[in-house]
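Q: Could you work out the structure for the sequence below:
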Amino acid sequence: DGTELVVSELVTRNTLKNTSHDKFSEYIVGFVNNVNPLLPSGFNITHVSPTNEPDYLNTYESMNLTTSELKNVLPNLRSKLDAASFGSVGIISPESARVSSGSASKLTSTNSAVSFIGDMFLDSATKNAVDVVGTHTYYDSSFDPNDASWANWAALKTAADSKPVWVTESAKLKSEDIGMDDAAQYAKWISRGFNEGGMTGYMAHLLIEEHHNADSDPALESSALVLWKDGALLLPKRYYTFKHFSTLSGKGYKRIGNSITSNTNLFASTFKSSTGDKLILHAFNNGTSTLSFTLTVPTGFTSLTHYKTDAFNDMTSQSISLPISGTISIPPKSMNSFVFAINYAPTDIALSANSIAEDQASGTAVGTLSATNPESGDTLTYSLVSGTGDTDNASFSIDGTTLKTASALDFETKNSYSIRLNV
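A: Presented below is the predicted three-dimensional model:
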């Protein structure tokens, strides 16, 4: 209902009337209720955000709700969702245009996810209503830690107070570059968000668009991951950089903390697979010279693969022999991922039964073997091996996971047997 909007301040103050909070929440509940049945089987709306970029002054879809207004809107929305049996639908805090505060002509005086969350979370009802802290990165373009547009991710993590942080839009808008300088922005946002900001999810702004001239500048522009030009598919370097993160580490992977103390041109992040069988190190060299470093590979790693994207390669892979001899080099302006395969040894071998009646025929089952395996999905193989405790190995055999006798056992001759097993 257009009458519910204040329309007298078109760009500088689009917002809700104080009496509209119920209707606004009911509209969002209605959206969830009506869209869910239209989604493919197995899909449902899991989270909603009440408004986009409340700190950005524009003439299109957003409302410039203040933090005071959001303290009314968010608890009201939570209440309406719960009452409509949508208690499992989470609320994303309105995604601000930037991570941390700064001045810009198209931003409200109070801006950034840090400022909005910091104030909203002073109200306990608002804080309890928010499940995910959302942000965009459009004004966080600097690579200089001393620059005003260098995002303070640590401040956002503190303000979020252990709630997950999602970047729900991120792009270098209307970029005339589809090479590695442009890709560096994405590597920086993703790496710093995960390492410093408590980020658990990242979404690029656009999936696909035309690479074309959209202004008076004759240069072509775009910001999507996938482009088309003159009817042909075009994959910019930002696509391959994003691919490093989305395919080599993804949903279910756990971040491992790391720190870089001496090189501001290196952006790195580390993840472990959900099954525990892979460790992934992502490293973007934003410098103008080759970077060499030593990789120390602990015991238990069985292989190492280096994936690389740079000005000359879209995404190549190369196996690195273990143990590593010397240093590893990554070229300037390059995205690199090192995938370590881990083989954890099974532990705690157990036998379901440890006694058998005497004089049973050779091949009689004693019990079933089992072990604790950190890597789910592996097939364990058991064998009798030489070493301490192998005194009576010859009296037994193994068939799959079953320990069997290799001859008839006589109690009076021997009543206890010792074997040594390997898995």
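Q: Please count neighbours and contacts with C-alpha atoms only from this point.
A: OK.
Q: now the stretch 1-150 of the chain, which segments are flagged as low pLDDT?
A: Judged against pLDDT under 70, the low-scoring parts of the stretch 1-150 of the chain cover residues 1-15, 17-19, 59-62.
Q: hey, where'd the strands end up in it?
A: The residue ranges that make up the strands of the stretch 1-150 of the chain, judged by DSSP state E, counting those that start in this stretch, are 47-48, 90-91, 133-136.
Q: cool, and the stretch 201-350 of the chain?
A: Listed in chain order, the strands of the stretch 201-350 of the chain (DSSP E, counting those that start in this stretch) span residues 208-210, 226-229, 232-234, 254-256, 266-272, 278-285, 291-293, 301-309, 316-320, 328-330, 334-342, 347-351.
Q: returning to that earlier point: can you tell me which of the strands of the stretch 1-150 of the chain is nearest to residue 55?
A: Within the strands of the stretch 1-150 of the chain, the stretch nearest residue 55 is strand 133-136; the backing value is 10.9 Å (CA to CA).
Q: which residues touch residue 195?
A: Going by CA atoms under 8 Å, 6 or more residues apart in numbering, residue 195 touches 257, 258, 269.
Q: hang on, the earlier thing: columns mean neighbour count and mean pLDDT on top of the strands of the stretch 201-350 of the chain, output as a markdown table?
A: Converted to a markdown table, those look like this (neighbours: other CA atoms under 10 Å; pLDDT from 0 to 100):
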| stretch | mean neighbour count | mean pLDDT |
| --- | --- | --- |
| strand 208-210 | 17 | 94 |
| strand 226-229 | 18 | 94 |
| strand 232-234 | 13 | 95 |
| strand 254-256 | 16 | 92 |
| strand 266-272 | 22 | 94 |
| strand 278-285 | 23 | 95 |
| strand 291-293 | 13 | 90 |
| strand 301-309 | 19 | 94 |
| strand 316-320 | 13 | 95 |
| strand 328-330 | 14 | 93 |
| strand 334-342 | 23 | 94 |
| strand 347-351 | 13 | 90 |
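Q: do you know which of the ones you listed lies nearest residue 142?
A: Among these, if distance is taken as CA to CA, the winner is strand 266-272, at 13.5 Å.
Q: got the contact list for that closest one?
A: By CA under 8 Å, 6+ apart, the list of residues contacting strand 266-272 from outside reads 187-188, 191-192, 194-195, 249, 253-258, 260, 278-287.
Q: hmm, back to that, so which of the strands of the stretch 1-150 of the chain is the most packed in?
A: A comparison of those by mean neighbour count, using mean count of other CA atoms under 10 Å, puts strand 133-136 on top with a mean of 28.
Q: Show residues contacting that strand.
A: The contact list for strand 133-136, computed with CA under 8 Å, 6+ apart, reads 92-99, 112-113, 117, 160, 163-170.
Q: distance of residue 417 from residue 405?
A: Between residue 417 and residue 405 the distance is 11 Å, computed by CA to CA, to the nearest Å.
Q: Of those two, which one has the most company?
A: Under the criterion of other CA atoms under 10 Å, the comparison of residue 417 against residue 405 puts residue 405 first, with 21 against 15.
Q: Could you check how far the closest residue to the more buried one other than its chain neighbours is from residue 78?
A: Nearest residue to residue 405 in three dimensions, chain neighbours excluded: residue 396, at 4.4 Å (CA to CA, 6 or more residues apart in numbering). In this structure, residue 396 lies at 65 Å from residue 78, with CA to CA as the measure.
Q: quick revisit: would JSON lines of the contacts of residue 195 with distance to residue 68 be doable?
A: Supplementary listing: the contacts of residue 195 in JSON lines, determined by distance: CA to CA, whole Å:
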{"residue": "257", "distance to residue 68": "36"}
{"residue": "258", "distance to residue 68": "37"}
{"residue": "269", "distance to residue 68": "36"}
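Q: Tell me which residues touch the closest residue to residue 420 other than its chain neighbours, please.
A: Of all residues not flanking residue 420 in the chain, residue 390 sits nearest, at 4.6 Å (CA to CA, 6+ apart). The neighbourhood of residue 390, defined by CA under 8 Å, 6+ apart, consists of 384, 418, 419, 420.
Q: which stretch among the strands of the stretch 1-150 of the chain comes nearest residue 36?
A: Put simply, out of these the one that sits nearest residue 36 is strand 47-48, at 11.9 Å, with distance taken as CA to CA.
Q: in the chain, which spans are helices?
A: Counting by DSSP state H, one finds helices in the chain at the ranges 21-35, 67-83, 113-120, 124-129, 153-160, 180-196, 237-248.
Q: elements contacting the third one?
A: This means helix 113-120. For helix 113-120, the helices and strands in contact under the criterion 3 or more CA pairs under 8 Å, 6 or more residues apart in numbering; DSSP states H and E are helix 67-83, strand 133-136, helix 153-160.
Q: Ok, the second one next?
A: With contacts defined as 3+ CA pairs under 8 Å, 6+ apart, the secondary structure elements packing on helix 67-83 are helix 21-35, helix 113-120, helix 124-129.
Q: Please apply the same query to the last one.
A: The elements that helix 237-248 packs onto, with contact taken as 3+ CA pairs under 8 Å, 6+ apart, are helix 180-196, strand 278-285, strand 301-309, strand 334-342.
Q: how does it look with 10 Å?
A: With contacts taken as 3 or more CA pairs under 10 Å, 6 or more residues apart in numbering; DSSP states H and E, helix 237-248 sits against helix 180-196, strand 226-229, strand 266-272, strand 278-285, strand 301-309, strand 334-342.
Q: These into a markdown table, with extra columns for distance to residue 315?
A: Formatted as a markdown table, the helices and strands packed on helix 237-248 follow (distance: least, CA to CA, whole Å):
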| stretch | distance to residue 315 |
| --- | --- |
| helix 180-196 | 12 |
| strand 226-229 | 15 |
| strand 266-272 | 18 |
| strand 278-285 | 13 |
| strand 301-309 | 5 |
| strand 334-342 | 9 |
